[in-house]
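Colleague: what shape does this take:
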Amino acid sequence: MDLKPKSASVLADSALINKSRLGIQSNMLPCSQSGASFSSSILSAPRKKPGKLDDVRSNGWLDAMQSSSPPRKKIVKDFGVEIASDDSDIAYNSWMLKYPSALNSFDHIINRAKDKKIVIFLDYDGTLSPIVDDPDRAFMSADMHSAVKGVAEYFPTAIISGRSRDKVRELVGLAELYYAGSHGMDIMFPVQETSSIDCSSYIRSTDTQGKDVNLFQPAREFIPMIDEVFKTLVDVTKDIPGAKVEDHKFCTSVHYRNVDENSWLMVAQRVHDVLKDYPRLRLTHGRKVLEVRPVIDWDKGRAVEFLLESLGFSNSDDVLPIYIGDDRTDEDAFKVLRKGNRGYGILVSSIPKESKAFLSLRDTFEVSEFLKSLVKWKEQVDMK
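Modeller: Numbering: from 1, shown residues only. You can find the predicted model right below:
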């Protein structure tokens, strides 16, 4: 599996970019500590006049925003059929026939894990912590913290989050984990476990405790551009009550969870107008958040592959990866594990929705129970 930085293919979004190919320049390789240079025409282009509201409606942004966290009390559409909220439990139980509970399927999982090394990948928001109005207060419960710590004692465990790597590490507070921030565009891993990774693909650094680590940052050249877009988005949304813009270093998030729904169109239009000047950036949708990312061929799925390679598990016969996540961005990781039935993608959701995952968990409580079950099973195996 070749995971060296290579020519990045454009992930086409007709509303933002054309069909040309954009390559990763040599000065973005992580071995270079210098910041990337951008032409003045890109960084200093005059702001265009605001587009028509039809821009956002026609490209589907508003529809995606409205469906990013569907309310359970309203009629929802599942498998092409409209179902009233009174039937939501019936719909969920029917949905679980396609995505069985990971708790109920636990014996099947551990039977498959015989003679394999389990590696755990976890999203953060909505998986380890509940979705809350203030992203800065998305804390894990003490029970969840204990469960994650226990899993990390027995299995290689990584957090792959849309948040910045430093922020998610601060929230988790466990030094024994691997961390990948910005949807996998900022990965930190120990020096002694990188023998299979070419030296040209990472930066040697030190962590907060002074330990030597390697950083893999395939979008490093985009940092100045992302920083400029972050500042612009803060400025253009500051008059919209409830809007919050977060800088994740390699991507930027615009949260509209606390914005009146009547103003969502305004949020989308202003983000749309800013991105018109940045054809090398694209927009993706999360749970009531618009995320601006570089147009490179990298996502959570590629991050999973890279981490498996860095841990020495390039041979799929030796490892059973398990990825637990709740968001659209986690689907990229689910696809990687579904390909060739390589491992288990587990979707965290209390409502039916289509996914590339194999299994499901209802909420963060069930995530904690699943992780604790893994620890209990491993302890029993080691006692034999």
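Colleague: now do the helices in this structure.
Modeller: If DSSP state H is used as the criterion, the helices of the chain fall at 40-43, 54-58, 61-67, 88-95, 106-112, 142-154, 165-172, 223-237, 264-275, 300-310, 331-338, 364-383.
Colleague: can you redo those helices as TSV with mean neighbour count?
Modeller: Bear in mind the C-beta positions are built from the backbone N, C-alpha and C, glycine included. Formatted as TSV, those follow (neighbours: other Cβ atoms under 10 Å):
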stretch	mean neighbour count
helix 40-43	11
helix 54-58	15
helix 61-67	16
helix 88-95	14
helix 106-112	14
helix 142-154	18
helix 165-172	20
helix 223-237	18
helix 264-275	21
helix 300-310	23
helix 331-338	22
helix 364-383	16
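Colleague: where among those is average confidence lowest?
Modeller: Note on the helices of the chain: lowest mean pLDDT is at helix 40-43, with a mean of 29.
Colleague: pretty sure Gly340 contacts Ser316?
Modeller: Yes - applying Cβ atoms under 8 Å, one finds Gly340 in contact with Ser316, separated by 6.9 Å.
Colleague: and the two? Which one has more around it.
Modeller: Between Gly340 and Ser316, counting by other Cβ atoms under 10 Å, Ser316 is the more crowded of the two (16 against 8).
Colleague: per-residue confidence at the closest residue to the more buried one other than its chain neighbours?
Modeller: Leaving aside its chain neighbours, Ser316 sits nearest to Arg342 (5.4 Å; criterion: Cβ to Cβ, 6 or more residues apart in numbering). Confidence per residue is given as pLDDT, and for Arg342 that number is 92.
Colleague: who's in contact with Arg342?
Modeller: Counting by Cβ atoms under 8 Å, 6 or more residues apart in numbering, Arg342 makes contact with Ser316, Pro321, Val336.
Colleague: so what's the residue count around Asp317?
Modeller: 8.
Colleague: how near is it to Arg112?
Modeller: The span separating Asp317 from Arg112 equals 12 Å under the rule Cβ to Cβ, to the nearest Å.
Colleague: coming back round to it: mind checking the helices of the chain for the one nearest to Val348?
Modeller: Taking Cβ to Cβ as the criterion, helix 364-383 is the member of those that comes nearest to Val348, at 6.0 Å.
Colleague: picking up where we left off before, among the contacts of Arg342, which one sits closest to Thr157?
Modeller: Pro321 (11.1 Å).
Colleague: now that closest one, which residues is it bridged with?
Modeller: Counting by DSSP bridges, Pro321 forms beta bridges with Val119.
Colleague: who's in contact with it?
Modeller: Contacts of Pro321 (Cβ under 8 Å, 6+ apart): Ile118, Val119, Phe121, Val304, Leu308, Phe313, Leu337, Arg342, Gly343, Tyr344.
Colleague: among those residues, which two are most distant?
Modeller: Greatest spacing in the contacts of Pro321, by Cβ to Cβ: Phe313 and Tyr344 (14.8 Å).
Colleague: the more surrounded of the two?
Modeller: Between Phe313 and Tyr344, counted using other Cβ under 10 Å, the more crowded position is Tyr344 (23 against 19).
Colleague: count of residues packed around the residue lying closest to that one once chain neighbours are set aside?
Modeller: The shortest distance from Tyr344 to any residue other than its chain neighbours is 4.8 Å, reached at Ile322 (Cβ to Cβ, 6+ apart). A count of neighbours around Ile322, defined by other Cβ under 10 Å, yields 25.
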